[in-house]
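[1] Take a look and give me a structure for this.
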Amino acid sequence: MKKLFVTTLLCSLSMLAFCQGQFQKETAGSLNFVSGHVMQLAQAIPADKYSWTPEKGVRSIAEVCAHIISANYFFASKLGAKIPEGVKMETLEKDLKTKDAITAELKKSYDLVMGAIKNTPDASLATKVEFPFPGEYTNMSAILIVVGHSNEHLGQLIAYARMNKIAPPWSEGK
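    All right, here's what the predicted structure looks like:
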């Protein structure tokens, strides 16, 4: 009986150790996949199309990318990451003017938020986080929202690209 108890205890402890950070690994992996598509699309869209908008009053391609960047930095900061030196959150969407500047900052913002997700301890996933919009949120909510947000705007960028006769690079030839 004693051997069974010790074996069960050791198996339980090893399972707990194995599962540490599993949520963070999986969501960072999902965000890595989506960010790869966003980055491929941002590179595939010609610089002269970055000011294109489907109609007046709707974000342009550049503004959608800048919005993603801003959100990535916002959620990363809520998870404890430090926003890079020189990034002005209040004017970020207006400060990024060229395709090169946008794609470079997009990469930095994804790297920062993925690092913040991976470094979120399991014990703090249920910690409450305050957002400027209604509702109760936790660190886990922040992680889920940033993944959903990127998926949402990937879809928007795909639609924008297709309206401009640009096929997403991962779907060409299919």
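
[2] what ranges do the helices span in this structure?
    Along the chain, counting by DSSP state H, helices occupy 2-19, 22-44, 61-78, 92-95, 99-118, 139-163.

[3] Report the distance from the last one to the chain centre.
    What it means is helix 139-163. 8 Å (Cα atoms, centre = their mean, to the nearest Å).

[4] Of all the residues in stretch 93-110, which ones are buried?
    For stretch 93-110, the neighbour count (16 or more other Cβ atoms under 10 Å) marks 93, 96, 99, 102-103, 105-106, 109-110 as buried. Bear in mind the C-beta positions are built from the backbone N, C-alpha and C, glycine included.

[5] and what of stretch 166-174?
    166, 168.

[6] and if you look at stretch 29-39?
    For stretch 29-39, the neighbour count (16+ other Cβ under 10 Å) marks 30-31, 34-35, 37-39 as buried.

[7] Next one: residue 98 from residue 104, what distance?
    According to Cβ to Cβ, to the nearest Å, residue 98 stands 9 Å off from residue 104.

[8] got it, and residue 44?
    Distance of residue 44 to residue 104, computed by Cβ to Cβ: 16 Å.

[9] and what of residue 80?
    Going from residue 80 to residue 104 by Cβ to Cβ gives 24 Å.

[10] ok, now residue 36?
    16 Å.

[11] try residue 82
    Distance from residue 82 to residue 104, counting by Cβ to Cβ: 18 Å.

[12] on that earlier part again, pick the most deeply packed of the helices of the chain.
    Of those, the one with the most neighbours on average (mean count of other Cβ atoms under 10 Å) is helix 61-78, at a mean of 22.

[13] So which elements touch that helix?
    Here helix 61-78 touches helix 22-44, helix 92-95, helix 99-118, helix 139-163, going by 3 or more Cβ pairs under 8 Å, 6 or more residues apart in numbering; DSSP states H and E.

[14] which stretch in the ones you listed has the least confidence?
    Note on the helices and strands packed on helix 61-78: helix 92-95 shows the lowest mean pLDDT, a mean of 87.

[15] Check the offset of it from the chain's centre.
    Relative to the chain's own centre, helix 92-95 is displaced by 18 Å; criterion: Cα atoms, centre = their mean.

[16] now do stretch 23-36
    Between the centre of stretch 23-36 and the centre of its host chain there is 8 Å, according to Cα atoms, centre = their mean.

[17] need the contact list for the nearest residue to residue 110 once chain neighbours are set aside.
    In space, and not counting its chain neighbours, residue 110 is closest to residue 35: 4.2 Å by Cβ to Cβ, 6 or more residues apart in numbering. For residue 35, the residues meeting the contact criterion (Cβ atoms under 8 Å, 6 or more residues apart in numbering) are 110, 114, 150.
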